[in-house]
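K.L.:
Kindly return the folded structure for what I paste below:
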Amino acid sequence: MNLFEVYKLWDIEPVKGLGTTLWDKDGNEYTDLYGGHAVISVGHCHPHYVQALTAQAATLGFYSNAVKNSLQVELASKLGKASGYDDYALFLCNSGAEANENALKLASFATGRAKILAFSKAFHGRTSGAVEATDNPKIRAPFNESGHVTFVPLNDLEAVDKDLSDGSYAAVIVEGIQGVAGIYEPGDAFLRGLRDLCDKTGTLLIADEIQSGYGRTGLFYAHQHAGIRADIVTSAKGMANGFPIGGVLISPSIKPQYGMLGTTFGGNHLACAAAIAVLEIMEAEKLVENAARVGAYFEEAFAGDKAVKEYRGRGLMIGLELNEPYIGLRDRLLFEKHFFTGAAGAGVIRLLPSLTLSLETAEKFVKAWKELTA
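P.N.:
As a prediction, this is how the structure comes out:
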């Protein structure tokens, strides 16, 4: 049997990782500034993370949600404290798409409405509801076209107001920072206005923090830079440093009913052990603060860089839009300088490294960049 080929692959196979370093099967060393799509939040093979997973696997790896699981309770408590959403409830699932899927469903349950407002260039996942709220027709099958989702331009409050005014929308879903699109931020004033319009029209506000959350921007969630609270917050990616998990943080105003949400694998013992270890490492090593500090260094280092048309993002969620002559720089960074980075199309390089990234390693990357663009 062959693999169903849906990705274009580089001819590199990482087989070992430690911190922000990867080694391929031939022993070549790379610096990882992409973290597998912002997933590696506390570094590859962090010893505390490895110990927590190993100990849990040797004790109990899985049982269903038909029984109590104190690890879920511990994770909810630690996540509430770290995020400032300690009065919210947590529903655990397996991925970012699943978290958004459940958030959209929950908003519809709570409001009795079917329509969703999303934004141009948004990416919320590849499952049925999440992909319909994703502004990319190429990845939506006819089955995913229910007509329930309307798209408006990001940062256009007038357009939002026009649609929400009829009171027919269950929710507005917005990324803390649009990642796949190429690192586009909703402005702080826009998010505050969005919160006000949702309150005015009885519409729930869903903050998709799958990629932008978990300390990446220098606060726990990116929308918190605007000083607002969402009704529902979705998390995944960096939540368990590579072990599949997703989470939905739910306002106390939304009341649960048995059977409205469910999952087989969500919140399993191994996933919870991994996610608890991540939060413990983040707190012990002050990684949210480190993301802000190293991000500030990058912003200063790339100011006025001749290869960069525009610098976008906050903390360690960075988009470097390239000037035309430097298209292809991402491949050169990988194959000539051994730095893994991400992309959004051909013209934007994305940096989504582990929050453990040191200033020293950041400086080495900038030096390599300058050498290639000299």
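
K.L.:
Tell me the secondary structure at the residue lying closest to Ala181 once chain neighbours are set aside.
P.N.:
In space, and not counting its chain neighbours, Ala181 is closest to Lys121: 3.6 Å by Cβ to Cβ, 6 or more residues apart in numbering. C-beta here means a position set from N, CA and C on the backbone, and glycine is covered the same way. Of the three states, Lys121 takes coil under DSSP: H, G, I helix; E, B strand; the rest coil.

K.L.:
Mind pulling up the pLDDT for Lys121?
P.N.:
Looking at Lys121, its pLDDT is 97.

K.L.:
ok now stretch 148-168, how far from the chain's centre?
P.N.:
Chain-centre distance of stretch 148-168: 24 Å, with Cα atoms, centre = their mean, to the nearest Å.

K.L.:
oh sorry, the question was meant for stretch 100-112
P.N.:
That offset, for stretch 100-112, works out to 20 Å (Cα atoms, centre = their mean).

K.L.:
So for that stretch, what gets flagged as buried?
P.N.:
Using 16 or more other Cβ atoms under 10 Å as the burial criterion, the residues of stretch 100-112 that qualify are Asn100, Glu101, Asn102, Ala103, Leu104, Leu106, Ala107, Ser108, Phe109, Ala110, Thr111.

K.L.:
now swap in stretch 37-55 and tell me
P.N.:
In stretch 37-55, counting by 16+ other Cβ under 10 Å, buried: His37, Ala38, Val39, Ile40, Ser41, Val42, Gly43, His44, His46, Tyr49, Ala52, Leu53.

K.L.:
how about these, which pair is most distant?
P.N.:
The largest separation in the buried residues of stretch 37-55, counting by Cβ to Cβ, is between His37 and Ala52 at 22.6 Å.

K.L.:
For the residue positioned nearest the centre of the chain, give me its contacts.
P.N.:
Residue closest to the mean C-alpha point of the chain, counted by Cα atoms, centre = their mean, is Gln211 at 1.2 Å. By Cβ atoms under 8 Å, 6 or more residues apart in numbering, Gln211 lies in contact with His37, Ala38, Gly96, Glu175, Gly176, Ile177, Gly179, Val180, Lys237, Met317, Leu352.

K.L.:
Just give me the neighbour total for Val348.
P.N.:
Here the count is done by other Cβ atoms under 10 Å, and Val348 has 21 residues near it.

K.L.:
quick one: contacts for it?
P.N.:
Taking Cβ under 8 Å, 6+ apart, one finds Gly182, Ile183, Gly319, Leu320, Glu321, Leu322 in contact with Val348.

K.L.:
so what's it closest to, chain neighbours aside?
P.N.:
Gly182 (4.2 Å).

K.L.:
swap in Glu74?
P.N.:
Ile276 is the one closest to Glu74 (Cβ to Cβ, 6+ apart), at 5.9 Å.

K.L.:
Shouldn't that neighbour be within a helix?
P.N.:
Yes - under three-state DSSP, Ile276 falls within a helix.

K.L.:
and the protein, what are its domains?
P.N.:
14-44+286-373, 48-284 (automatic domain parsing).

K.L.:
Do you have the helices of the stretch 101-250 of the chain handy? List them.
P.N.:
128-132, 157-164, 188-201 (DSSP state H, counting those that start in this stretch).

K.L.:
Next, the angle from the second one to helix 188-201.
P.N.:
What separates the directions of helix 157-164 and helix 188-201 is an angle of 20 degrees, with axes from the mean of the first three to the mean of the last three Cα atoms, to 10 degrees.

K.L.:
which parts of helix 157-164 are buried?
P.N.:
Here helix 157-164 shows Leu157, Ala159, Val160, Asp161, Asp163, Leu164 as buried, counting by 16+ other Cβ under 10 Å.

K.L.:
State the distance from the first one to Lys200.
P.N.:
Spelled out, that is Leu157. Using Cβ to Cβ, to the nearest Å, one gets 12 Å for the distance from Leu157 to Lys200.

K.L.:
likewise the third one?
P.N.:
Distance, Val160 to Lys200, using Cβ to Cβ: 11 Å.

K.L.:
go on, the second one?
P.N.:
In this structure, Ala159 lies at 15 Å from Lys200, with Cβ to Cβ as the measure.

K.L.:
ok, back up a step: tell me which of the helices of the stretch 101-250 of the chain sits most buried.
P.N.:
helix 128-132 (a mean of 21; mean count of other Cβ atoms under 10 Å).

K.L.:
got the contact list for that helix?
P.N.:
By Cβ under 8 Å, 6+ apart, helix 128-132 touches 97, 100-101, 104-105, 116, 124-125, 139-140, 143-146, 148-149.

K.L.:
For it, what does the pLDDT average out to?
P.N.:
97.

K.L.:
so how far is it from its chain's centroid?
P.N.:
17 Å.

K.L.:
Using CSV, write down the CA coordinates of that helix.
P.N.:
Only the C-alpha atoms of helix 128-132 are listed here, as CSV (Å, rounded to 0.1, in the frame of the first residue of the first chain):
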residue,chain,number,x,y,z
SER,A,128,-16.6,19.9,7.6
GLY,A,129,-17.7,23.0,9.5
ALA,A,130,-14.1,24.3,10.1
VAL,A,131,-13.3,24.2,6.4
GLU,A,132,-16.5,26.0,5.4
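
K.L.:
Confirm that Asn290 sits in a helix.
P.N.:
Yes - Asn290: assigned to a helix according to three-state DSSP.

K.L.:
OK, contacts around it?
P.N.:
Asn290 touches Leu355, Thr356, Leu357, counting by Cβ under 8 Å, 6+ apart.

K.L.:
So which of those is the closest to Pro252?
P.N.:
Lowest distance from Pro252 to these (Cβ to Cβ) belongs to Leu355, with 29.2 Å.
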